[in-house]
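**Q** Curious how this folds, go ahead:
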Amino acid sequence: MEMNIEHYLDAHLASHPEAEAQDVMKFCHQAFFGPGHMLEDENWARIMFFEEYGISRSGGRVLYENLSDRFCRVDLSAWKEMGFDGELLFSIFSASCTVGAAGMEYPFMQLLSGCSQTIRTKHPHLYHPWMDYLDSYLGQGVRPVRHSIRYRNAYTPAYRVVERALLLEKMTAVRGS
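**A** Residues are numbered from 1 along each chain as shown. As a prediction, this is how the structure comes out:
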């Protein structure tokens with residue numbers, strides 16, 4: 001399984017200058033694994049989704065940001081501003097969740113290697129913090145991480161990771177009806 005996300009990562013870092021190494025890892029993890037870890041308990045996930053959805057702030061954000069050819073982040077406030085239903089987004093999110101990261105560590109490591117090269121050549125200010133973070137992260141095993149405090153304070157992220165093809169299919173169906 002080969003996945004190149006470097007151009008998506010480059011665009012993200014260019015538009016989010018406050019991102020730290022931890023945020024790069026979150027981006028990489030979501031780009032590769034998608035939202036699967038978020039749906040271990042669908043009832044809890046629904047409660048958390050609608051709690052966050054209810055308080056998400058408006059702010060002229062883009063509807064979605066590509067993480068990879070497969071996954072994207074859908075901004076909750078932009079979704080609401082466009083008049084789409086929260087239930088629809090939750091159903092897209094739920095359908096996007098795939099469980100089963102077992103055996104995927106090696107392809108993920110390949111992805112991280114490509115991202116390291118992108119950071120080294122295009123975002124050198126992040127390279128040493130990234131390499132330090134990567135060593136620490138890998139020492140604790142592959143797992144999801146949170147955004148850094150700096151990133152949360154700068155961008156107040158409120159989104160769900162979904163499969164982009166499914167998102168576009170459902171949005172087209174809703175707009176067409």
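**Q** CA only for contacts and neighbour counts going forward, please
**A** OK.
**Q** The residue nearest to Pro129 when sequence neighbours are not counted: neighbour count?
**A** Nearest in space to Pro129, with sequence neighbours left out and distances taken as Cα to Cα, 6 or more residues apart in numbering, is Ala21 at 6.1 Å. Counted with other Cα atoms under 10 Å, residues neighbouring Ala21 total 20.
**Q** Assess the claim that Ala21 and Asp135 are in contact.
**A** No: judged on Cα atoms under 8 Å, Ala21 makes no contact with Asp135 at a distance of 11.3 Å.
**Q** if we can go back for a sec, give the contact list for the residue nearest to Pro129.
**A** Leu126, Pro129, Trp130, Tyr133 (Cα atoms under 8 Å, 6 or more residues apart in numbering).
**Q** Do you know the pLDDT at the residue nearest to the last one when sequence neighbours are not counted?
**A** The shortest distance from Tyr133 to any non-neighbouring residue, by Cα to Cα, 6+ apart, is to Ala21 (6.3 Å). As predicted, Ala21 sits at a pLDDT of 98.
**Q** Tell me where this structure has helices.
**A** 6-15, 21-33, 42-55, 76-81, 86-96, 105-122, 124-139, 149-155, 164-176 (DSSP state H).
**Q** Of those, which is nearest Leu63?
**A** helix 76-81 (5.1 Å; Cα to Cα).
**Q** Any chance you could list what contacts that closest one?
**A** Outside helix 76-81, the residues within contact range by Cα under 8 Å, 6+ apart are 53, 56-63, 85-86, 158-160.
**Q** switch to 10 Å and redo it
**A** Contacting residues not belonging to helix 76-81 are listed as 49-50, 52-64, 84-86, 89, 157-160 [Cα atoms under 10 Å, 6 or more residues apart in numbering].
**Q** Any stretches of the protein with poor pLDDT?
**A** 1-3, 37-38, 99-103, 177 (pLDDT under 70).
**Q** mind redoing it with 90?
**A** The chain contains residues with pLDDT under 90 at 1-4, 35-42, 55-61, 97-107, 142-143, 174-177.
**Q** Give me the most central residue, it.
**A** Nearest to the geometric centre of the chain sits Gln30, at 4.4 Å (Cα atoms, centre = their mean).
**Q** Was I right to think it contacts Ser96?
**A** No: with contact defined as Cα atoms under 10 Å, Gln30 does not count as touching Ser96 (11.8 Å).
**Q** Need the residues touching each of these two.
**A** In contact with both Gln30 and Ser96: Gly36, Phe71, Val161, Val162, using Cα under 10 Å, 6+ apart.
**Q** I'd like those residues written out as TSV, with neighbour count added.
**A** Shown next, in TSV, are the shared contacts of Gln30 and Ser96 (neighbours: other Cα atoms under 10 Å):
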residue	neighbour count
Gly36	19
Phe71	24
Val161	26
Val162	30
